[in-house]
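Peer 1: quick one, fold the following:
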Amino acid sequence: MIAPEEAWERIMAEVAPLPPRRFALNEVTGRVLAEDVRADADHPPFAASTVDGWAVVAEDESPRRRILDREGWAGEMPTVTVVPGTAARVMTGAPIPPGADAVVMIEDSVVEGEFVRLTRAVRSGENIRPAGSDLAAGELVLAAGTVLGPGEIGLLATVGQSEVWAYPSPRVAVLSTGDEVVEPWETPGPAQIRDSNRYALMAAIRGAGGEPISLGIVPDQPEMLRKKMELALDQADVLITSGGVSEGDRDHIGPLLAELGTVHFNRVRQKPGKPLTFATIRGKPCFALPGNPVSALVSFELYVRPALRRMAGHTRLRRPERPVLLRHPVRPDPVRTEFVRAVVEQEGNQWWARTTGAQASSRLLSMLGANALLRVPPGPVLPEGASVTAILIAWPEDR
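Peer 2: Next up, the predicted model:
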């Protein structure tokens, strides 16, 4: 067995970002930008009004001024030149007429026939957005590595980028194995169980930004498993299997991975998830997860999720961690690092953790409501108030 830290390092040594592709703006939400984007021109390209009002010469102190233009619509170039003693109507976003250097808000004026009377003075530049004040031509707008959200996509549209280079979402094939496994809508026969792992893992893949591909259930027959695994690698970037990784006579996944590619490790000194196996086939990552539901989900959180994020171009791969105090005693495993499902809460300046109850790797209820995994090293019983490290699985990645 290898330590969890070494398992992490071996996975990261084999996983790389997928080749970037061109995506339209309506396809890039949540993706990672793969190129620097610069402003194509000054934005705005002209001095524009920030309010509905009257364009004037600020140093002109006469309150009553002749109206030159009553329109001044956005999207139209002005047709008049403002001089002292005159004013021209402008709308929000409209170009400032030549000669004007300030805009008086409409609320600070009274129209009197052919004249407008201003009820307050203005400073030069007031209510005017200068050309290039938002972005200057050639200015770096978004750097490669930026995660694209609504604001970033709005900026791309502003500078005329209808398509950009970004990293694709990894396609992840998910395969359940076992003669005892049936679909959730089926009634299990004697010695059978419903397949919860594939559906939980597909949900976790979506949450990590990947695109799951369900390959169904394959019985414990080597030839059928081999064909399904090869099919998965034809259509996906990553393969995840569930079950069949222990050392029983019908655990065929490990030998098949070794036959088809390179196994980088097949045991991790952790609980749950000791039988976790990681291999590469045709350069594609393959994660053989244990069959117990909690083992599969904890292994996914610790290793698969960061790998998928790296493949999608992210640089922040791992969840945040913080020290927490135990609300009750916890009994560690004698030889393995244990990742205990827990609820972490803040009280004042201190963070506290309580476990979610019985921690059997088959008990999916232990994941219910958990927002953290407590990294508990092997050793004696930890008393109430002991400090441990919590991996905050409900928080976004920060490192």
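Peer 1: only C-alpha atoms from now on, for both contacts and neighbour counts.
Peer 2: OK.
Peer 1: where do the strands sit along the stretch 51-200 of the chain?
Peer 2: Along the stretch 51-200 of the chain, counting by DSSP state E, counting those that start in this stretch, strands occupy 53-56, 64-69, 86-90, 102-105, 109-112, 115-118, 128-129, 140-142, 163-166, 171-177, 181-182, 193-194.
Peer 1: list the buried residues in the longest one.
Peer 2: I take that to be strand 171-177. 171, 172, 173, 174, 175, 176, 177 (16 or more other C-alpha atoms under 10 Å).
Peer 1: next: stretch 12-31.
Peer 2: 15, 16, 17, 18, 20, 23, 25, 28, 31.
Peer 1: residue 95: which of those is nearest?
Peer 2: residue 25 (28.3 Å; C-alpha to C-alpha).
Peer 1: contacting residues around residue 186?
Peer 2: By C-alpha atoms under 8 Å, 6 or more residues apart in numbering, the contact list for residue 186 reads residue 194.
Peer 1: do the same with residue 329
Peer 2: Applying C-alpha under 8 Å, 6+ apart, we find residue 329 in contact with 381, 382, 383, 384, 385.
Peer 1: repeat for residue 377
Peer 2: 332, 333, 336, 337, 338.
Peer 1: give me the distance between the closest residue to the first one other than its chain neighbours and residue 327.
Peer 2: Closest residue to residue 332 in three dimensions, ignoring its sequence neighbours and counting by C-alpha to C-alpha, 6 or more residues apart in numbering: residue 378, at 5.4 Å. Applying C-alpha to C-alpha, to the nearest Å, one obtains 19 Å for the distance of residue 378 from residue 327.
Peer 1: what does residue 61 give?
Peer 2: For residue 61 relative to residue 327 (C-alpha to C-alpha), the value is 72 Å.
Peer 1: what of residue 357?
Peer 2: 12 Å.
Peer 1: residue 84: which of the buried residues of stretch 12-31 is nearest?
Peer 2: So of the buried residues of stretch 12-31, ranked by how close each gets to residue 84 (C-alpha to C-alpha), first place is residue 25, at 46.6 Å.
Peer 1: now do the contacts for that closest one.
Peer 2: Here residue 25 is in contact with 153, 156, 157, 161, 162, 163, 164 (C-alpha under 8 Å, 6+ apart).
Peer 1: just the buried subset of these, written out for PyMOL, thanks.
Peer 2: Buried residues among the contacts of residue 25 (16+ other C-alpha under 10 Å), as a PyMOL selection:
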select buried, resi 153+156+161+163+164
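Peer 1: between the contacts of residue 25, which is nearest residue 283?
Peer 2: Distances from residue 283 to those, taken by C-alpha to C-alpha, are shortest for residue 164, at 26.5 Å.
Peer 1: how would you label residue 13: helix, strand or coil?
Peer 2: Under DSSP: H, G, I helix; E, B strand; the rest coil, the three-state class of residue 13 is helix.
Peer 1: now residue 106. Nearest residue, chain neighbours left out?
Peer 2: Nearest to residue 106 is residue 53, by C-alpha to C-alpha, 6+ apart, at 4.2 Å.
Peer 1: I'd like the distance between the one you found and residue 67.
Peer 2: 12 Å.
Peer 1: quickly list what's touching both of the two.
Peer 2: Common neighbours of residue 53 and residue 67, counting by C-alpha under 8 Å, 6+ apart, are residue 89.
Peer 1: where does the stretch 151-300 of the chain have low pLDDT?
Peer 2: 247-250 (pLDDT under 70).
Peer 1: residues near the nearest residue to residue 319 once chain neighbours are set aside, how many?
Peer 2: Spatial nearest neighbour of residue 319, chain neighbours left out: residue 397 (4.3 Å); criterion: C-alpha to C-alpha, 6+ apart. By other C-alpha atoms under 10 Å, 17 other residues sit near residue 397.
Peer 1: next one: residue 76
Peer 2: By other C-alpha under 10 Å, 10 other residues sit near residue 76.
Peer 1: list the contacts for the closest residue to residue 16 other than its chain neighbours?
Peer 2: Nearest non-adjacent residue to residue 16, counting by C-alpha to C-alpha, 6+ apart: residue 311, 5.5 Å away. Residues near residue 311 by C-alpha under 8 Å, 6+ apart: 15, 16, 17, 18, 167, 169, 170.
Peer 1: relative to residue 202, which of those is nearest.
Peer 2: Nearest member of the contacts of residue 311 to residue 202, counting by C-alpha to C-alpha, is residue 170, at 12.5 Å.
Peer 1: am I right that that closest one is in contact with residue 210?
Peer 2: Yes - using C-alpha atoms under 8 Å, residue 170 is in contact with residue 210, at 5.0 Å.
Peer 1: report the longest helix in this structure, please.
Peer 2: The helix that spans the most residues within the chain, counting by DSSP state H, is helix 222-235.
Peer 1: alpha carbons only: can I get stretch 286-304 in CSV?
Peer 2: Below are the C-alpha coordinates for stretch 286-304, written out as CSV (Å, rounded to 0.1, in the frame of the first residue of the first chain):
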residue,chain,number,x,y,z
CYS,A,286,-8.6,5.0,-15.4
PHE,A,287,-9.9,4.9,-11.8
ALA,A,288,-11.0,1.5,-10.5
LEU,A,289,-13.0,2.4,-7.4
PRO,A,290,-14.1,0.1,-4.7
GLY,A,291,-17.6,-1.3,-4.7
ASN,A,292,-18.7,0.0,-1.3
PRO,A,293,-20.6,3.2,-1.9
VAL,A,294,-18.8,5.4,0.6
SER,A,295,-15.4,4.1,-0.5
ALA,A,296,-16.3,5.0,-4.1
LEU,A,297,-17.5,8.5,-3.2
VAL,A,298,-14.7,9.4,-0.8
SER,A,299,-12.1,8.1,-3.4
PHE,A,300,-13.8,10.2,-6.0
GLU,A,301,-13.6,13.3,-3.9
LEU,A,302,-10.0,12.9,-2.9
TYR,A,303,-8.5,11.8,-6.3
VAL,A,304,-10.9,11.7,-9.2
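Peer 1: right, I'll call it a day here.
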